[in-house]
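Novice: Need a 3D model of the sequence below.
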Amino acid sequence: MSPTTIFAPASTPADAIAGLSMLVLGVTAAIFVVVAGLLVYTLFRFRRTRNDGQEPAQVYGSNQVELAWTVVPVLIVVVLFLATARVITRVQTAGRPDDAIQVVAVGHQFWWEYRYPELNVVTANELHVPVSAAGHETPTFITLLSADTDHSFWVPRLAGKTDLIPNRTNTTWIQPTETGLYLGQCAQYCGTQHAKMLLRVYVDSRAAFDEWAADQRRPAVPSDAVSAGRRIFEATSCINCHAIAGTRASGQFGPDLTHMMSRDTIAAGVIPNTPENLRRWIRNPDDIKPGSRMPAMNLSDQELDAVTAYLTSLH
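Specialist: Model prediction:
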């Protein structure tokens, strides 16, 4: 099964969308079978014979046929319209409980920023939400903003896609019913690296989510052994783009790195977050993600080792 299929929903809005998709698929499949069947029947029933020189019987008009091919399509369209309107209304007008998780997702070229204003947490590319347990529903409502151009937030197994438009606020919501990792990506062409603007949603148990949020609020405390890497990091333009709580780095253009080693991937889900890959990424981002907005800093091998050691200490 594809990890991005819409036919294995694991969230309330995705379940509604999957149900509508199956209805539409069933109706269109029935139409296809009827039309294809009539076509095959006609091909065999009226194939060429020895008497093809004779003109067949002519039928001019049939009220029954005309009524059928007018009323039946209208009824089909009405049924599909009402079913679609019902799902759209259900998804877009869902009530927001007081204990719902609030997330602000900001699309950048080419990565995702996630802010939890009520939890005082900022992270990137990997969204963590709690599972919605039976009897204690915990939906997550996501405010969608764009920092530059059009993007689209789409995690097929959790919800339908919703666009992020500059100078406009859109919203979506998910209510996962199963823990696990769910994959998605930007579904609106946004530039060179649109195809590698991936996202990962981790649906945790409530206890695991609370523990993750508490860890994210703690300041990163690197050891003195990586102080050289910190000095190099703070002496370059890295601090203009990235933020690390408790340091001079306060940039907003790139991902917050305070707890970057708590993430499984880097470069918006493109490669695993390992020291080796991190060093490659710092040395020359274009080798991994051509067209990336992160520049190569032209560090020496010794400086690369020091900065990599410093960043890998940020858990």
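Novice: quick one: the helices in the chain?
Specialist: Taking DSSP state H as the criterion, the chain carries its helices at 12-45, 63-92, 206-217, 227-235, 238-241, 275-283, 285-288, 301-311.
Novice: Tabulate the ones you listed in a markdown table, adding columns for distance to S262, mean pLDDT and mean neighbour count.
Specialist: C-beta here means a position set from N, CA and C on the backbone, and glycine is covered the same way. Shown next, in a markdown table, are the helices of the chain (distance: least, Cβ to Cβ, whole Å; pLDDT from 0 to 100; neighbours: other Cβ atoms under 10 Å):
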| stretch | distance to S262 | mean pLDDT | mean neighbour count |
| --- | --- | --- | --- |
| helix 12-45 | 27 | 94 | 13 |
| helix 63-92 | 32 | 93 | 12 |
| helix 206-217 | 7 | 95 | 15 |
| helix 227-235 | 18 | 92 | 17 |
| helix 238-241 | 19 | 91 | 16 |
| helix 275-283 | 13 | 95 | 17 |
| helix 285-288 | 20 | 92 | 15 |
| helix 301-311 | 12 | 94 | 19 |
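Novice: Looking at these, which is nearest to N170?
Specialist: Comparing these by their distance to N170 (Cβ to Cβ), the top pick is helix 63-92, with 10.5 Å.
Novice: quick one, that closest one and helix 12-45 angle?
Specialist: Orientation check (axes from the mean of the first three to the mean of the last three Cα atoms, to 10 degrees): helix 63-92 against helix 12-45 gives 160 degrees.
Novice: how about the helices of the chain, which one is nearest V155?
Specialist: Closest to V155 of these is helix 12-45 (Cβ to Cβ; 8.2 Å).
Novice: for that closest one, the distance to its chain's centre please.
Specialist: Helix 12-45 sits 28 Å away from the centroid of its parent chain (Cα atoms, centre = their mean, to the nearest Å).
Novice: in terms of contact count, name the helices or strands touching it.
Specialist: Under the contact definition 3 or more Cβ pairs under 8 Å, 6 or more residues apart in numbering; DSSP states H and E, helix 12-45 sits against helix 63-92, strand 170-174.
Novice: Need the ones you listed in CSV (columns: distance to A100).
Specialist: CSV is the format used below for the helices and strands packed on helix 12-45 (distance: least, Cβ to Cβ, whole Å):
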stretch, distance to A100
helix 63-92, 15
strand 170-174, 8
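Novice: among those, which is nearest K161?
Specialist: K161 sits nearest to strand 170-174 of all the helices and strands packed on helix 12-45, at 8.5 Å, using Cβ to Cβ.
Novice: Buried residues in that closest one, which are they?
Specialist: Along strand 170-174, these residues count as buried under the neighbour rule (16 or more other Cβ atoms under 10 Å): N170, T172, W173, I174.
Novice: Surely the last one and R157 touch.
Specialist: No - the pair formed by I174 and R157 falls short of the contact definition of Cβ atoms under 8 Å, at 9.5 Å.
Novice: Run through the residues that contact E137.
Specialist: Counting by Cβ atoms under 8 Å, 6 or more residues apart in numbering, E137 touches P97, Q175.
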